[in-house]
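A.B. asks: Return a 3D structure for these sequence lines:
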Amino acid sequence: MKTLLLLWALPITLLGAWYGLSYYDMSFGIFMLTRDAHDLVFQIYGNVLGIPPETIPPLVLRAIIVDSLILFAFIGFRRRKQIKAWWVARQEKSAELSEARASAESLSSAP
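C.D. replies: Have a look, this model is predicted:
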């Protein structure tokens, strides 16, 4: 499961870092991090897909969100017994705390 999460997070992190650095032209002397390379990459993708280049980043963001939701739903389904046990224990602990707070000793004696 750790490998799956790593294989999910690493490309998203690299893509996000590249996009952010190249969008704001923080190149550190590397051509791929310049705004020119940023515009060139999206121009190429736009030409290949036949859509305007400025529509690609929102599409990629939506794809990342949908894929992430699917991945976390898969993980949640695989670990549903552990999650349910955690939830039940949390609810029991919460009930115990609320009973302790409502006891006569913890109530104020103010009028």
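
A.B. asks: Just the CA trace of stretch 42-58, in CSV.
C.D. replies: Taking C-alpha atoms only, stretch 42-58 is exported to CSV below (Å, rounded to 0.1, in the frame of the first residue of the first chain):
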residue,chain,number,x,y,z
PHE,A,42,1.2,23.4,-23.2
GLN,A,43,1.3,24.6,-26.8
ILE,A,44,2.5,21.2,-28.0
TYR,A,45,-0.2,19.4,-25.9
GLY,A,46,-2.8,21.8,-27.1
ASN,A,47,-1.9,21.1,-30.7
VAL,A,48,-1.8,17.4,-30.2
LEU,A,49,-5.2,17.4,-28.4
GLY,A,50,-6.7,20.0,-30.7
ILE,A,51,-7.8,22.3,-27.8
PRO,A,52,-6.6,25.7,-26.6
PRO,A,53,-3.5,25.4,-24.4
GLU,A,54,-5.0,27.5,-21.6
THR,A,55,-7.7,24.8,-21.0
ILE,A,56,-5.2,22.0,-20.3
PRO,A,57,-4.2,22.9,-16.6
PRO,A,58,-7.7,22.9,-15.3
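
A.B. asks: Show me how far it is from its chain's centre.
C.D. replies: 24 Å (CA atoms, centre = their mean, to the nearest Å).

A.B. asks: what do you get for stretch 34-46?
C.D. replies: Taking mean C-alpha positions (CA atoms, centre = their mean), stretch 34-46 and its chain are 25 Å apart.

A.B. asks: So for that stretch, what gets flagged as buried?
C.D. replies: Judged by neighbour count (16 or more other CB atoms under 10 Å), stretch 34-46 contains these buried residues: T34, A37, H38, V41, F42. Quick note: C-beta positions are derived from backbone N, CA and C, even for glycine.

A.B. asks: Just say helix, strand or coil for F28.
C.D. replies: Following DSSP: H, G, I helix; E, B strand; the rest coil, F28 is assigned to coil.

A.B. asks: what pLDDT does it get?
C.D. replies: We have a pLDDT of 90 for F28.

A.B. asks: Run through the residues that contact it.
C.D. replies: L21 (CB atoms under 8 Å, 6 or more residues apart in numbering).
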